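Undergrad: my questions concern the predicted model and sequence given below.
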Amino acid sequence: MLKEVVFFIIYISPHVLTGIRIVVAGDDGTGKSSLIATFAAGNSVKDVPPVLTPTILPKSMSPDGVPFTIIDTSSRPEDSDKVDEELLAADVIILTYACDRQATLESLTAFWLPRLRDLGVKVPVIVAACKLQHENQKAGIEEAMQPVMQQFPEIEISIGCSASMNLKVLDVFSFAQKSVLYPLEPLYFRNSNTLKPRFARALKRIFILSDRNRDSSLNNAEFNDFQAKYFIGPVPQSAIQLLVKYLRKKYPEGVNEHGLTLAGFQSLHADFKKIWHREVPWAMLRKFGYMDDIRLADHLIPPLTRAPDQSVELTNEALAFLKKVFVEFDVDCNGILQPEELEELFFTAPESPWTGPPYKDAADENVVGENGITGLSLEAFLSKWALMTLIDPTFSVKNLLYIGYTGDPSSAIRVTRRRSFDRKLQHSERDVIQCFVFGPRSAGKSSLLKSFIRWPYSEIYNPTNEDHYAVNVVDDSMGKKKYLVLREIPEDGVKGLLANKESLASCDIAIIVHDRSDESSWRASSKLLVDIAAHGEDSGFEVPCLIVAAKDDQVSFTMAAQESTRVSQDMGVEAPIPISLLLGNLNDLFLRIVTAATKHPHLSIPETDVGKSRKLYTRLVNNTVLFVSVGAAVAIVGVTLFSAGKNAQVS
């Protein structure tokens, strides 16, 4: 019954592959060459001589418009290395054995299949049971192959065939092509009809997008629209009735009074593997923009053109969508997204994007709701999206699409004004501010980031060996919300960072943290300030800087105030800002960072002695040119007036 329904919905979609390489291998005399020759000729071919070296059949086109090449391999032991090379280069492998020679079947399990595993070959394997004498042998072949396929799940199918009778030869090569064009590996677990998690997530997203009235089922009209839009056309009413009848019998939960449920939708796609209609799920996935890894294709996201000192932010349209999604998945309406609610929100994405660095633990995830349960507040939720958009805009937009954003992808993000232009205007309109946090080891950088996302203070020192982030909302002096991103740069990572000319281009402001009780910490941080200033002067990507004197609760080293004041004055930045994380006294640091980056982006830019000399020289040159130009203009005017006077006297 299901086959009759499937007849209406099959549609073969072109694949992005540029070619398929089919390698045929097996024991001597099992019919490799005859199988290939029969397929190539389209009719019966007898007495084909054995192949001594690999033979390449000229390229042909598959029914799906993808060119394929068939390679016939040698069975001679001396050609073993060459055969290995071909097996490693294959997109799909056809292994042959002769139905009339039991030893060749045993050779599959004793030699050929273990050989593929030893080589690390990870492509589909088709077993061709050659020299089939009559159709009645099929049952025996299936019975003989069943334990082999259980032992070697990389075998996709075993097909009995005969070159002499031209029986099932086309099926062997057709299935080999389909195994590459429509791979099962990303969709199903081997030896079962169970959907892999990423495929199940994609099906749920497709189902939700097709369920226009959001009643958790596809009625006849929605199912027909789904078919018409993504396949070959609407489904006859009789076919829908057959489908409903089939589902009610086999999957009672697959239908309800309104129509096809998500469980039924997923069950159908599980059955497509069993009845070998692998084209159906892949046609649908590709229509929805999915690639072979069950992720949306990059080309769905418009390419971004931006200068190094421009950043990317979410638009108001995207933020409004995210706020709506937050409310929808906050099932208990406590203003908090608990871990299970967040997992459900991202269940239509390949996986949750925030389970690992740099997003894990980057925001305040311990906000306490009305019922005492902790999770992500709306501000923390939007903060993570702001961070993801800043770091990887394409990834951010893809996740918006995964969770149901139906607008034009280009409407979800905007490119900010160049930071160099902001400095000229002496004002920045950015809503997401990125602050690089520099400082020597044990200065308090990590503790500062943790305090920003309201983690409790700890005196246990855990050195940071790689960049990590913290993001939160800061209300600026006008009460407008800004997303501040702190990016901690480990001391050992500074040299590598500054080796890249554009490394500071994405930085809106930098802070240099030192332990005010440790003179060596101050020396190291002042050197960092000089290095950052010099890099900005050389690259043209100068950034405002603030000096942060951490551990204000401890006794400062001798001459600390005098030294720090002198350096800050010499380099043209504000005096160090004292803070104490232990006492919770941050001296409005985060507001001061946002203010310096947005209200006064042209100030607090440190200058080295070399930079000052360079600017002085430039001013002198410009003034000299101006003086010469003015002098020349005065001389020209004088000559003109003198000439005019003489002409007047002559008259």
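TA: Structure's in. What do you need? Numbering: from 1, shown residues only.

Undergrad: now the helices: where do they sit in the stretch 151-300 of the chain?
TA: With DSSP state H, counting those that start in this stretch as the criterion, the stretch 151-300 of the chain has helices at 169-181, 197-210, 220-230, 237-250, 262-274, 279-287.

Undergrad: what about the third one, distance to the chain center?
TA: What it means is helix 220-230. 30 Å (Cα atoms, centre = their mean, to the nearest Å).

Undergrad: can you list the buried residues in it?
TA: Neighbour-count burial for helix 220-230, counted by 16 or more other Cβ atoms under 10 Å, picks out 220, 222-224, 226-227, 230. All C-beta spots, glycine's among them, are computed from the backbone N, C-alpha and C.

Undergrad: I'd like these as JSON lines, with pLDDT appended.
TA: Putting the buried residues of helix 220-230 into JSON lines (pLDDT from 0 to 100) gives the following:
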{"residue": "Asn220", "pLDDT": "86"}
{"residue": "Glu222", "pLDDT": "90"}
{"residue": "Phe223", "pLDDT": "84"}
{"residue": "Asn224", "pLDDT": "83"}
{"residue": "Phe226", "pLDDT": "83"}
{"residue": "Gln227", "pLDDT": "78"}
{"residue": "Tyr230", "pLDDT": "63"}
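
Undergrad: next up, phi/psi of the residue most central in space within the chain, please.
TA: In the chain, the residue lying closest to the centroid (Cα atoms, centre = their mean) is Phe395, at 4.6 Å. Backbone torsions of Phe395, given as degrees, to the nearest 10, read phi -60, psi -40.

Undergrad: and it, how far from Asp171?
TA: 42 Å (Cβ to Cβ, to the nearest Å).

Undergrad: name the SS class of Ala40, please.
TA: When classified by DSSP: H, G, I helix; E, B strand; the rest coil, Ala40 comes out as helix.

Undergrad: would you check that Lys138 makes contact with Ile159?
TA: No: look at Lys138 against Ile159 with Cβ atoms under 8 Å: they stay out of range, at 9.4 Å.

Undergrad: who's more crowded, the two?
TA: Ile159 (22 against 15; other Cβ atoms under 10 Å).

Undergrad: show me what contacts the more buried one?
TA: 126-129, 168, 171-172, 175 (Cβ atoms under 8 Å, 6 or more residues apart in numbering).

Undergrad: quick check: the gap between it and Leu167.
TA: Taking Cβ to Cβ, one finds Ile159 at 10 Å from Leu167.

Undergrad: likewise for Glu253?
TA: For Glu253, the distance to Leu167 (Cβ to Cβ) stands at 42 Å.

Undergrad: more neighbours: which of the two?
TA: Leu167 (17 against 12).

Undergrad: beta partners for that one?
TA: Under the criterion DSSP bridges, Leu167 forms beta bridges with Ser162.

Undergrad: that one touches Lys138, doesn't it?
TA: No: if you go by Cβ under 8 Å, Leu167 and Lys138 don't touch, sitting 10.4 Å apart.

Undergrad: quick check: closest non-adjacent residue to Thr389.
TA: Excluding the flanking residues, the one nearest Thr389 by Cβ to Cβ, 6 or more residues apart in numbering is Ser396, at 4.1 Å.

Undergrad: Gly254 now?
TA: Per Cβ to Cβ, 6+ apart, closest to Gly254 is Gly264, 2.6 Å.

Undergrad: which residues does the one you found contact?
TA: By Cβ under 8 Å, 6+ apart, the residues touching Gly264 are 247, 251, 253-255.

Undergrad: for these, which one is nearest Arg523?
TA: Of all those, Arg523 sits closest to Glu253, with 69.5 Å by Cβ to Cβ.

Undergrad: how about the contacts made by the nearest residue to the closest one once chain neighbours are set aside?
TA: What sits nearest to Glu253 in space, not counting adjacent residues and going by Cβ to Cβ, 6+ apart, is Ala263, at 4.6 Å. Contact analysis of Ala263 by Cβ under 8 Å, 6+ apart lists 251, 253-254.

Undergrad: gap between the residue nearest to Gly254 and Leu242?
TA: As judged by Cβ to Cβ, Gly264 and Leu242 stand 13 Å apart.

Undergrad: show me where the stretch 451-600 of the chain has its helices.
TA: 494-498, 519-539, 560-571, 589-598.

Undergrad: and the contacts of the longest one?
TA: So that's helix 519-539. Under the contact criterion Cβ under 8 Å, 6+ apart, helix 519-539 has outside partners 438-440, 442-443, 491, 494, 498, 501-505, 510, 512-516, 541-543, 545, 547, 557-558, 560, 563-564, 567, 571, 573, 605-608, 610-611, 614.

Undergrad: filter those down to the buried ones, ChimeraX style.
TA: Restricted to buried positions by 16+ other Cβ under 10 Å, the ChimeraX selection for these reads:
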select :438,439,440,442,443,491,494,498,503,504,505,510,512,513,514,515,516,541,542,543,545,547,557,560,563,564,567,571,573,605,606,607,608,611
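
Undergrad: which residue ranges form the strands in the stretch 251-400 of the chain?
TA: Counting by DSSP state E, counting those that start in this stretch, the stretch 251-400 of the chain has strands at residues 312-314, 367-368, 374-375.

Undergrad: can I get those strands in a markdown table including mean pLDDT and mean neighbour count?
TA: Converted to a markdown table, those look like this (pLDDT from 0 to 100; neighbours: other Cβ atoms under 10 Å):
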| stretch | mean pLDDT | mean neighbour count |
| --- | --- | --- |
| strand 312-314 | 98 | 21 |
| strand 367-368 | 74 | 16 |
| strand 374-375 | 86 | 18 |
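
Undergrad: would you turn the ones you listed into a markdown table with distance to His468?
TA: Shown next, in a markdown table, are the strands of the stretch 251-400 of the chain (distance: least, Cβ to Cβ, whole Å):
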| stretch | distance to His468 |
| --- | --- |
| strand 312-314 | 21 |
| strand 367-368 | 20 |
| strand 374-375 | 21 |
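
Undergrad: out of those, the one nearest Pro147 is which?
TA: Pro147 sits nearest to strand 374-375 of all these, at 50.4 Å, using Cβ to Cβ.

Undergrad: on that earlier part again, among the helices of the stretch 451-600 of the chain, which comes closest to Leu387?
TA: Proximity to Leu387, assessed across those by Cβ to Cβ, is greatest for helix 589-598 (15.4 Å).

Undergrad: neighbours around Asp408, how many?
TA: When counting by other Cβ under 10 Å, one arrives at 9 neighbours for Asp408.

Undergrad: oh sorry, the question was meant for Asp492
TA: Under the neighbour criterion other Cβ under 10 Å, Asp492 is assigned a count of 12.

Undergrad: which ones are touching it?
TA: Taking Cβ under 8 Å, 6+ apart as the definition, contacts of Asp492 comprise Asn465.

Undergrad: distance of it from Lys229?
TA: 54 Å.

Undergrad: Asp422 too?
TA: Asp422 is 45 Å from Lys229, by Cβ to Cβ.

Undergrad: cool, Gly254 as well?
TA: Relative to Lys229, and taking Cβ to Cβ, Gly254 is found at 22 Å.

Undergrad: how about low-confidence regions in this protein?
TA: Applying pLDDT under 70 to the chain flags the ranges 1-17, 42-65, 135-136, 191, 230-235, 273-276, 369-371, 560, 615-651.

Undergrad: could you redo the last one with a cut-off of 50?
TA: For the chain, applying pLDDT under 50 flags the ranges 1-15, 43-58, 625-626, 630, 637, 639, 641-642, 648, 650-651.

Undergrad: thinking again about what came up before, between the contacts of Ile159, which is nearest Pro114?
TA: The closest of the contacts of Ile159 to Pro114 turns out to be Val127 (Cβ to Cβ; 14.5 Å).

Undergrad: what residues are up against that closest one?
TA: Contact partners of Val127, counting by Cβ under 8 Å, 6+ apart, are 94-97, 108, 145, 148, 155, 157-159.

Undergrad: mind checking which of those residues are in strands?
TA: 94-97, 155, 157-159 (DSSP state E).

Undergrad: of those residues, which is the most crowded?
TA: Within these, most neighbours by other Cβ under 10 Å means Tyr97, with 28 neighbours.
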